[in-house]
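Sequence and predicted structure are below.
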Amino acid sequence: MTAYFDELARDVRDLFNPASADPHFREADAIRDFEHRLLRDMALVCEFDRDNLMAFPADLRDKVYGVLLKGCMQAWPCGIPYAGPDYETNEEGRQLLARCVENLHDIFHAAARGGWLGGDNPRTAMQVCLCRQEERMAELVRAKDAT
């Protein structure tokens, strides 16, 4: 797996670790925060630059969103009666999030095989943005020096 998905898989295991050293650790908060991070990352890659070079394939975008709706409670849209994922035990929750991460990884592999320039790392699009930003700022500095 890529480092990104490796990190997510490790984080899912750690979410349900009862031996947390933090006495203020709240499992529900940690799960919510993990899901929010996952939702943010997927939104950035799926919605970023939709009509340009780094656009994520439209047919796979909905698959990503479908996986999130099935695997993340926090993904459920506001104002719609909840019918999203639910689990009774921590182990069921861990398995649900682990499957979600695995399914997302499979979708990103499909995107890479289909020619998406981001490969199978959701952070690639943002890395491209940061490089473009640095290049543009260097151009601005050079232009200022030239005048």
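Perfect, thanks for sending it. The model shown is predicted, which means the values in this text are computed figures rather than measured ones.

list the buried ones in stretch 30-50?
30, 31, 34, 35, 38, 41, 42, 44, 45, 46, 48 (16 or more other C-beta atoms under 10 Å). Just so you know, the C-beta spots here come from the backbone N, C-alpha and C atoms, and that holds for glycine as well.

Just the ones of these in helices?
30, 31, 34, 35, 38, 41, 42, 44, 45, 46 (DSSP state H).

how far away is the second one from residue 107?
Distance, residue 31 to residue 107, by C-beta to C-beta, to the nearest Å: 22 Å.

do residue 90 as well
Taking C-beta to C-beta, one finds residue 90 at 26 Å from residue 107.

who's more crowded, the two?
Each of residue 90 and residue 107 has its neighbours counted (other C-beta atoms under 10 Å); residue 107 has more, 20 against 14.

Would you state the helices of this structure in chain order?
3-15, 27-47, 58-71, 90-113, 124-146.

possible to save the ones you listed as CSV with mean pLDDT and distance to residue 84?
As requested, the helices of the chain are exported to CSV (pLDDT from 0 to 100; distance: least, C-beta to C-beta, whole Å):
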stretch, mean pLDDT, distance to residue 84
helix 3-15, 88, 17
helix 27-47, 85, 11
helix 58-71, 92, 6
helix 90-113, 90, 10
helix 124-146, 80, 26
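
Redo the ones you listed as CSV? Include distance to residue 77.
Output for the helices of the chain, formatted as CSV (distance: least, C-beta to C-beta, whole Å):
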stretch, distance to residue 77
helix 3-15, 23
helix 27-47, 11
helix 58-71, 9
helix 90-113, 17
helix 124-146, 24
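
out of the ones you listed, which comes closest to residue 79?
Ranking those by their distance to residue 79 (criterion: C-beta to C-beta) puts helix 58-71 first, at 14.7 Å.

what angle do the closest one and helix 27-47 make?
170 degrees (axes from the mean of the first three to the mean of the last three C-alpha atoms, to 10 degrees).

Make 849 the starting number, not 1.
Yep, numbering from 849; the last one is helix 906-919 now.

which residues sit against stretch 950-957?
Stretch 950-957 is touched from outside by 849-850, 853, 857, 886, 890, 908, 911-912, 915-916, 919, 966-970, with contacts defined as C-beta atoms under 8 Å, 6 or more residues apart in numbering.
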